[in-house]
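Visitor: Coordinates for the following, if possible.
(one chain, ligands or ions: 1)
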Amino acid sequence: LKLGILASGRGSNFLAIYEAVKEGRLDAEIKVLLSDKKEAPALLKARERGIDAFFVDPLSYPCREKFEEEMTRILRAYGVDVVVLAGYMRLLGRDFLKEFPLRVFNIHPALLPSFTGLDAQKQALEYGVRYSGCTVHIVDEGMDTGPIVLQEVVPVYQEDTVETLSLRILEKEHQIYWQALQLLAEGRLYLEGRRVIIR
Ligand code: GRF
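Guide: Okay, here's the model as predicted:
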């Protein structure tokens, strides 16, 4: 796989995928990282590791479509065939997704379809669920609605804060994201309706 990473923040999922590639657990190459946030630590983390990383400023385009066209152009120039959202905090439009059909992946810090959108860990805590977790899914036009590839469960404890729960979930995120991508690399993912079948 030739991966293009989209990240808005810290970049710990990017790092986990980078390590998986480096250690030969994931048959892929990270070609480029793009961020919609100038100060995203993910940009620095990528550059420190010799990966080209660019800030694409959403405000310098008249609309989301033009902004996403520019991202598509860069991803294409780097030969990217799979787009990995790693803490990318925007919805992607139809035209962008059409460029990479069923080849845009996301990780969400909850057991979908529960707790979509922002602050999923806080939502889970406030709801009072006993278990939460994370989900790797294929991206469609909705918010955290696409076909589910892998999930991992964590317990929620009485004493948990958003921070402690988020950390417990994050450790699992770092384990399942590269595994889901490796399944794709091995050609083992099939879509039946909206279900992802692993063969
Ligand atoms: C993670 O919790 C991920 O599930 C969510 O955004 C966060 C990104 O963290 N989509 P990082 O930038 O990968 O450290």
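
Visitor: residues contacting the closest residue to the ligand within the chain?
Guide: The ligand sits closest to Gly87 of the chain, with a gap of 2.7 Å, by Cβ to the nearest ligand atom. From N, CA and C alone the C-beta is placed, and that goes for glycine too. Gly87 makes contact with Ala7, Ser8, Gly9, Arg10, Gly11, Ser12, Asn13, Phe14, Ala42 under the criterion Cβ atoms under 8 Å, 6 or more residues apart in numbering.

Visitor: The same query, at a cut-off of 10 Å, please.
Guide: With contacts taken as Cβ atoms under 10 Å, 6 or more residues apart in numbering, Gly87 has the following neighbours: 5-14, 35, 37, 40, 42, 106-107, 109, 173.

Visitor: just the buried members of those?
Guide: Among the contacts of Gly87, those classed as buried by 16 or more other Cβ atoms under 10 Å are 5-9, 11-14, 35, 37, 40, 42, 106-107, 109, 173.

Visitor: Keep only those of those residues that are in strands.
Guide: Secondary structure of those is defined by DSSP state E; positions in strands are Ile5, Leu6, Ser35, Asn106, Ile107.

Visitor: Skipping adjacent residues, who's closest to the first one in space?
Guide: In other words, Ile5. Counting by Cβ to Cβ, 6 or more residues apart in numbering, Ile5 lies nearest to Leu33, which is 4.3 Å off, once chain neighbours are set aside.

Visitor: Could you look up the next helix or strand downstream of the biggest helix by length in the chain?
Guide: Selection of the longest helix in the chain by residue count, based on DSSP state H, yields helix 162-185. Using DSSP states H and E, the helix or strand that directly follows helix 162-185 along the chain is strand 189-192.

Visitor: Would you reformat the ones in strands among the buried ones among the contacts of Gly87 as CSV and include pLDDT and distance to Val139?
Guide: Supplementary listing: these in CSV, determined by pLDDT from 0 to 100; distance: Cβ to Cβ, whole Å:
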residue, pLDDT, distance to Val139
Ile5, 99, 13
Leu6, 98, 10
Ser35, 98, 17
Asn106, 98, 5
Ile107, 98, 10
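
Visitor: Please list the residues of this protein that sit near the ligand.
Guide: 7, 9-13, 42, 86-87, 107-109, 170, 173 (Cβ under 6 Å from any ligand atom).

Visitor: who touches the nearest residue to Phe55 once chain neighbours are set aside in this structure?
Guide: Of all residues beyond its chain neighbours, the one nearest Phe55 is Lys38 (4.8 Å), with distances taken as Cβ to Cβ, 6+ apart. If a contact means Cβ under 10 Å, 6+ apart, then Lys38 has Phe55, Val56, Asp57 as its contacts.

Visitor: Can I have the buried ones of those as a PyMOL selection?
Guide: Selection command for PyMOL covering only the buried members of the contacts of Lys38, criterion 16+ other Cβ under 10 Å:
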select buried, resi 56
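
Visitor: circling back to that earlier point, look up phi and psi at the residue of the chain closest to the ligand.
Guide: Here is the backbone geometry of Gly87 (degrees, to the nearest 10): phi 70, psi 40.
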